[in-house]
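A.B. asks: Sharing a sequence plus its predicted fold:
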Amino acid sequence: MTKYVKIANTDKISMDYFRQYNLIISRAKKRIMETYTETHHITPKCMGGSNCNDNLVELTAREHLICHRLLVKMYPDNISIHRAYNAMGTRCNFSSKLFEKSRKFISEYQTGSYRDWE
């Protein structure tokens, strides 16, 4: 498995977050989505990541939120990681599934392709 993000703390808990993060990224790199997606920087820009295609991956809104949650847990002292997570609207405490539904609804509404999403 390709490792996309290096972490300084290698204790068991952090390694589990690292493994989960890489699993999501690896799975997303191998598929083509025909539904709503969000572009994610594999290595965050604040950690030296770039906008090149090798550092970008298309994720579902739910995967995107989960990846940012994992990054916060992997890098608890990085203020930029926390800011990116909070910018996603995560001050509200709701599930990742509801977050995904909401992001998809907003996207469809704004593009005029809204259909009943229940």
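C.D. replies: Arrived safely. None of these values were measured; they are calculated from a predicted model. Numbers count the residues shown, from 1 in each chain.

A.B. asks: where along this structure do the helices fall?
C.D. replies: For the chain, the helices defined by DSSP state H cover 12-29, 61-74, 79-87, 96-111.

A.B. asks: and those, which one is worst for confidence?
C.D. replies: Among these, helix 96-111 carries the lowest mean pLDDT, at a mean of 75.

A.B. asks: With adjacent residues omitted, what lies nearest to the residue minimising distance to the centre of the chain?
C.D. replies: For the chain, the residue sitting closest to the mean C-alpha position, by CA atoms, centre = their mean, is residue 64 at 2.4 Å. With sequence-adjacent residues excluded and distances taken as CB to CB, 6 or more residues apart in numbering, residue 64 is closest to residue 38, at 4.5 Å. Where you see a C-beta, it was placed from the backbone N, CA and C, and this is true even at glycine.

A.B. asks: correct me, but the one you found touches residue 59?
C.D. replies: Yes. Counting by CB atoms under 8 Å, residue 59 is a contact partner of residue 38 at 5.7 Å.
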